[in-house]
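Q: Need coordinates for the following:
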Amino acid sequence: WHWREMTSELEAGRHLTDQQVSLYLRDGYVVVKKHLSEKVVNGLIKSLKALEAKVPLKQSPFKSQVKGSAKPLIESAHQVVGFSAGPKAPIQQIGHNLHGLVPEFERLCYHDDVYAVARDLGVVKPAIVQSKVVCKPARHGWKVPIHSDEQYIYTDPLSGFGLWWALDRCTTQNGCLQVLPRSHTKYKMRTRFECDHNDLKTNFKPFSQTPTKTHKPQPSSNPTSEHASTPNHSPKPPSKLKHPSCRAQNKKNGAHVPGVGPRGGGEEL
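A: So this is what the prediction gives:
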């Protein structure tokens, strides 16, 4: 993927409390309330609507196991791409380099507060490796199966964590993020998502162990910092309510993303 290291003029200090850090270490996630102002949220939604009107529409990046079908996924490191279930289906996801291509999302991802959260969670030199908006159109939003983020953005050693911001009121009625608390210390990957740059397709490499599901509703504008090993999922919205969310994926300095080279794409995502 395409990334650059985060920098900040921030003086040494804390953004998270000791209790929040302890909750993250214990549960594998933490909710930081009232993180984005209404003005910032409205600006992001306005930018999202503009993107929806102009981005090229491609097939789901998770249905790219046929030779040549992963080309849009690879290209999304260098241009903003919209993904959907089909040619006439609503956009479900926009990415995967909003932090480098869209000014409003770049300002969010590289904000001093995000840098401070990363430092509080033990990241010495944080770097954003992926960013995207997950759209949940009414009755059309994808059901995201339970998974851990290390399955899709694998580093050696494991070092990543994700930040989720709900741009609309987010509840179990419109497909909110759901997690399995305290699972990050014992959950082992069942599959690992890999990209074959030679055949331009993706594969799921088998692992073992499938966790059970639970849920934790997240309210609007509160980011959820989530350990890469924490199983999480989001169901298809069962009602007429929509729900967009923005995600930034971070990694600790020193971790290696296998297969990443000058092309800007990772052979293993």
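
Q: Do a quick rundown of the helices in the stretch 1-150 of the chain.
A: In the stretch 1-150 of the chain, the segments counted as helices under DSSP state H, counting those that start in this stretch are 18-27, 38-54, 71-75, 98-101, 103-109, 112-120.

Q: Please dump these into CSV; it should also carry distance to K88 for every row.
A: Every residue, glycine included, has its C-beta placed from N, CA and C. Shown next, in CSV, are these (distance: least, Cβ to Cβ, whole Å):
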stretch, distance to K88
helix 18-27, 41
helix 38-54, 15
helix 71-75, 17
helix 98-101, 25
helix 103-109, 27
helix 112-120, 36
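
Q: Show the average pLDDT along stretch 205-217.
A: Average pLDDT, stretch 205-217: 48.

Q: where in the stretch 1-150 of the chain is pLDDT low?
A: Within the stretch 1-150 of the chain, the stretches with pLDDT under 70 are 1-4, 8-13, 61-63, 140-142.

Q: Over to stretch 94-102 now: how far is its first residue from its last?
A: For stretch 94-102, the first-to-last residue distance is 11 Å (Cα to Cα, to the nearest Å).

Q: outside of it, which residues touch it?
A: Residues outside stretch 94-102 that contact it (Cβ atoms under 8 Å, 6 or more residues apart in numbering): 1-4, 47-48, 51-52, 55, 73, 76-83, 105-106, 109-110, 128, 130-133, 135, 246, 248.

Q: Tell me the buried residues within the residues you listed.
A: Those of the contacts of stretch 94-102 that meet the buried threshold are 1-3, 47-48, 51-52, 55, 73, 76-77, 80-83, 105-106, 109-110, 128, 130-133, 135, 246, 248, by 16 or more other Cβ atoms under 10 Å.

Q: Single out the most deeply packed of the helices of the stretch 1-150 of the chain.
A: helix 98-101 (a mean of 22; mean count of other Cβ atoms under 10 Å).

Q: Please save the CA atoms from that one in PDB.
A: Once non-C-alpha atoms are left out, helix 98-101 reads as follows in PDB (Å, rounded to 0.1, in the frame of the first residue of the first chain):
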ATOM      1  CA  LEU A  98      -7.800   8.600   0.900                       C
ATOM      2  CA  HIS A  99      -5.100   9.800   3.300                       C
ATOM      3  CA  GLY A 100      -2.900  10.600   0.300                       C
ATOM      4  CA  LEU A 101      -5.400  11.600  -2.300                       C
END
